[in-house]
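Student: after the sequence you'll find the predicted model.
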Amino acid sequence: MALSAESGRIVPAPLRLAFMGTPDFAVPALRALHDAGHQITAVYSQPPRPAGRGQQPRPSPVAEAAVALGLPVHTPPSLKDPAEVERLRALHLDAIVVVAYGLMLPKAVLDLPRLGCFNVHGSLLPRWRGAAPIQRAILAGDLETGVTIMNMDAGLDTGPMVLKEATLITEADTAGTLHDRLSEIGASLMARALAGIAAGELTARPQPDEGVTYAAKIDKREARIDWTRSAVDVKRQIHAFSPYPGAWFELNGARVKALAAQAVDLGGAPGTVIAPPLTVACGEGAVAITRLQREGKAAMDAATFARGLPIPLGSVLGCRHSTPKPRYKLLLEYDGSRFVGWQAQANGPSVQSALEAAILSFCGESVRLHAAGRTDAGVHALGMVAHFDLAAPRPLERIEGALNFYLSQQGIAVLGAQEVAGDFHARFSAIRRTYLYRIINRRAPLTLDRDKAWQVPIPLDDEAMHEAAQRLVGKHDFTTFRHAQCQAASPVKTLDHLVVERDGAEIFIHTAARSFLHHQVRSMVGTLKLVGEGKWTADDVTRALEACDRAACGPTAPPDGLYFVAADYES
């Protein structure tokens, strides 16, 4: 430790470091630590690789930067050699800094430094452990990512965390722009982390068990564009693989990389050019490709590309929809109190996002999951049905087991997996949906059923509630019972049944229909509660229904007691 002449405060002395890194991503961190005055005794990088037209061995970006800084460079093919371990031991290191090195550190190396080995990881751990966190975050549609400084252990990115810093993922971000931003964040964050650790002001904390996902290594086969996917998915694919390996399609038999795009609200046959200079229809919506690169050519904007190689409207670009993808149906159970709802949203974790991340973790594919019902925040499921497509068949037991492994701490269980026909759709093929609402009618507070039922302390007349419920069965205009922001084309629905029954202190309300309006079940339950309290009669329920006016409805029951029970399909 040393005393600062300017402030009189204690500042940590420079540390003896070894730096281990290979690509461009690691260079800012090396420079930041050098500029901070640390004694970098050795820089380790992967061996030179053949590059350029002559395929001559070329040092890595980190090795070149180290030479420019006058630092010694070592490029062993592995650190498992006992001689390499002894070479490191002789340096008497305070810490080893690892940034995208690309080689595993054996335990003998991890145990050498006085303070430990510290890694710059390009995600907000424990999300996206593994080799490709930047690309996987974009593919999954994450709204933010960041950098974590981690004290390394023997696991795959499982070590305790020292510092984290987040950054938003914008609509314009690609893997390239995010790579550069995270590289700079990581450099400053590592410098701060080492200063804090050396001063005794920072300690590492374990990673949480919840929220773990894995960023599988990018397979070049993932880069070919499938126009039958949604525009949102295709746009994410383009940005996740820009600039490398480059999402691509075929044009006149040649491969063209799409480097930037926007999802737009247009339609047409998948793969068809529907607007100039290069807007292409997808399975849902379309993408306006804004930047491209032909083989052997420089990248350019779409207008320049089209002037050099005009693509007439109606042209069909090379597409992967000739071979049908296997489609899988899932049966799901989940605790809705942990989520902002089924659908992916910006304001918190969703069931859809958790499942899509789990699928990505086990097979490396970014998929779009479709469900029979899009439940609200706090609504649970006992038998939700969802489907998704994969590029290649997978064993059903592998799908079920892997998803349950990745979802084990998230309140979601996969009860079954089944391969189904390509025309099956969890939402649009359903012919009936069944819901359950639970009321616990007692004065004592809920313990085991907290967030799982609606506690009503006032005694309810369940028989009167059942009688009134029959006024709602059948085909009606349910405008009174729809949410103000409901997007259904028509308020007319056919209610197959609405049954109220009691078992001790618990009241069960069962209902089924082909489809429901937004908040319809909860609005009906809230109205029936008024009947159970003696404040309304069955005739009042009829008058409210016939009013076709949201103001005539009773209160909306809370989401806690609502369960999606089942979706029925044609056999």
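Tutor: It's in.

Student: per-residue pLDDT, A36?
Tutor: Looking at A36, its pLDDT reads 94.

Student: show the contacting residues for it.
Tutor: By C-beta atoms under 8 Å, 6 or more residues apart in numbering, A36 lies in contact with P14, A191, L194, A195. Where C-beta positions appear, they are placed from N, C-alpha and C, glycine not excepted.

Student: how about V43?
Tutor: The contact partners of V43, taken as C-beta under 8 Å, 6+ apart, are A18, F19, M20, G21, L30, V62, A63, A66, L71, P72, V73, H74.

Student: hmm, which of those are the buried ones?
Tutor: The neighbour-count test (16 or more other C-beta atoms under 10 Å) applied to the contacts of V43 identifies A18, F19, M20, G21, L30, V62, A63, A66, L71, V73, H74 as buried.

Student: helices - which of the contacts of A36 land there?
Tutor: If you go by DSSP state H, the contacts of A36 have A191, L194, A195 in helices.

Student: wait, the first one sits on L33?
Tutor: Yes - counting by C-beta atoms under 8 Å, L33 is a contact partner of A191 at 6.2 Å.

Student: who has more neighbours out of these two?
Tutor: L33 (23 against 18; other C-beta atoms under 10 Å).

Student: tell me which residues of stretch 412-432 come out buried.
Tutor: Within stretch 412-432, the residues that qualify as buried are I412, A413, V414, A417, F424, A426, R427, S429, A430, counting by 16+ other C-beta under 10 Å.

Student: in helices, which of those residues fall?
Tutor: Of the buried residues of stretch 412-432, none are assigned to helices by DSSP H.

Student: can you count the residues close to L178?
Tutor: Neighbour count for L178, taken as other C-beta under 10 Å: 22.

Student: what is the nearest of the buried ones among the contacts of V43 to G373?
Tutor: Distance to G373 across the buried ones among the contacts of V43 (C-beta to C-beta) is lowest for G21, with 48.0 Å.

Student: ok, the ones in helices among the contacts of A36 vs L317, which is closest?
Tutor: Relative to L317, the closest of the ones in helices among the contacts of A36 is A191; by C-beta to C-beta it sits at 46.7 Å.

Student: list the contacts of the closest one.
Tutor: Contacts for A191 (C-beta under 8 Å, 6+ apart) come out as A32, L33, A36.

Student: mind redoing it with 6 Å?
Tutor: Shown in contact with A191 (C-beta atoms under 6 Å, 6 or more residues apart in numbering): A32, A36.

Student: go on, G146?
Tutor: Applying C-beta under 6 Å, 6+ apart, one finds that G146 lies in contact with L124, E165, A166, T167.

Student: 7 Å - rerun?
Tutor: Residues in contact with G146 (C-beta atoms under 7 Å, 6 or more residues apart in numbering) are S123, L124, K164, E165, A166, T167.

Student: pull out the buried residues from those.
Tutor: Among the contacts of G146, the ones that count as buried by 16+ other C-beta under 10 Å are S123, L124, T167.

Student: just the ones of the residues you listed in strands?
Tutor: Counting by DSSP state E, the part of the buried ones among the contacts of G146 found in strands is T167.

Student: which stretches of the stretch 301-450 of the chain have low pLDDT?
Tutor: Applying pLDDT under 70 to the stretch 301-450 of the chain picks out residues 319-324, 346.

Student: show me where it has strands.
Tutor: Secondary structure of the stretch 301-450 of the chain, counting by DSSP state E, counting those that start in this stretch: strands at 327-334, 370-371, 380-389, 412-420, 430-440.

Student: right, and the helix or strand after the longest one?
Tutor: Towards the C-terminus, the helix or strand next in line after strand 430-440, according to DSSP states H and E, is strand 454-455.

Student: run the chain-centre distance for that following strand.
Tutor: Per C-alpha atoms, centre = their mean, to the nearest Å, the displacement of strand 454-455 from the mean C-alpha position of its chain is 33 Å.

Student: could you do stretch 427-441 as well?
Tutor: On C-alpha atoms, centre = their mean, the centre of stretch 427-441 falls 27 Å from that of its chain.

Student: what does that stretch rub up against?
Tutor: Against stretch 427-441 from outside (C-beta under 7 Å, 6+ apart): 370-373, 446, 449, 453-456, 459-460, 496, 505-516, 521, 525, 557, 561-570.

Student: show me the contacts for L17.
Tutor: Neighbouring residues of L17 by C-beta under 7 Å, 6+ apart: L33, H38, Q39, I40, T41, L93, D94, A95, V97.

Student: need the pLDDT of it.
Tutor: As predicted, L17 sits at a pLDDT of 97.

Student: how far away is S337 from V385?
Tutor: For S337, the distance to V385 (C-beta to C-beta, to the nearest Å) stands at 21 Å.

Student: tell me which of those two has more neighbours.
Tutor: Comparing S337 with V385 by other C-beta under 10 Å, the one with more neighbours is V385, at 26 against 15.

Student: so that one touches A372, yeah?
Tutor: Yes - between V385 and A372 there is a contact under C-beta atoms under 7 Å: 4.3 Å.

Student: now for the two: what residues contact both?
Tutor: Residues touching both V385 and A372 (C-beta under 7 Å, 6+ apart) are A426, A567.

Student: from the contacts of L17, which land in strands?
Tutor: Judged by DSSP E, the contacts of L17 include Q39, I40, T41, A95, V97 as members of strands.

Student: contacts only, for the second one.
Tutor: Applying C-beta under 7 Å, 6+ apart, one finds that I40 lies in contact with L17, F19, L33, H34, L71.

Student: quickly list what it is bridged to.
Tutor: Judged by DSSP bridges, the bridge partners of I40 are L17.

Student: relative to W128, how far out is it?
Tutor: In terms of C-beta to C-beta, I40 sits 29 Å off from W128.

Student: now do the fourth one
Tutor: To W128, A95 is 24 Å away according to C-beta to C-beta.

Student: between the two, which has more neighbouring residues?
Tutor: Neighbours per residue (other C-beta under 10 Å) separate A95 from W128, with W128 holding more: 29 against 24.

Student: so the more buried one makes contact with G211?
Tutor: No - using C-beta under 7 Å, W128 makes no contact with G211, being 10.0 Å away.

Student: just give the closest residue to K107, not the sequence neighbours.
Tutor: Nearest in space to K107, with sequence neighbours left out and distances taken as C-beta to C-beta, 6 or more residues apart in numbering, is A154 at 5.7 Å.

Student: A108 is in contact with the one you found, correct?
Tutor: No - the pair A154 and A108 does not pass the contact test of C-beta under 7 Å, sitting 10.9 Å apart.

Student: which of those two has more neighbours?
Tutor: The residue with more neighbours, out of A154 and A108, is A108; 15 against 12, by other C-beta under 10 Å.

Student: so that one belongs to a helix, correct?
Tutor: Yes - under DSSP: H, G, I helix; E, B strand; the rest coil, A108 sits within a helix.
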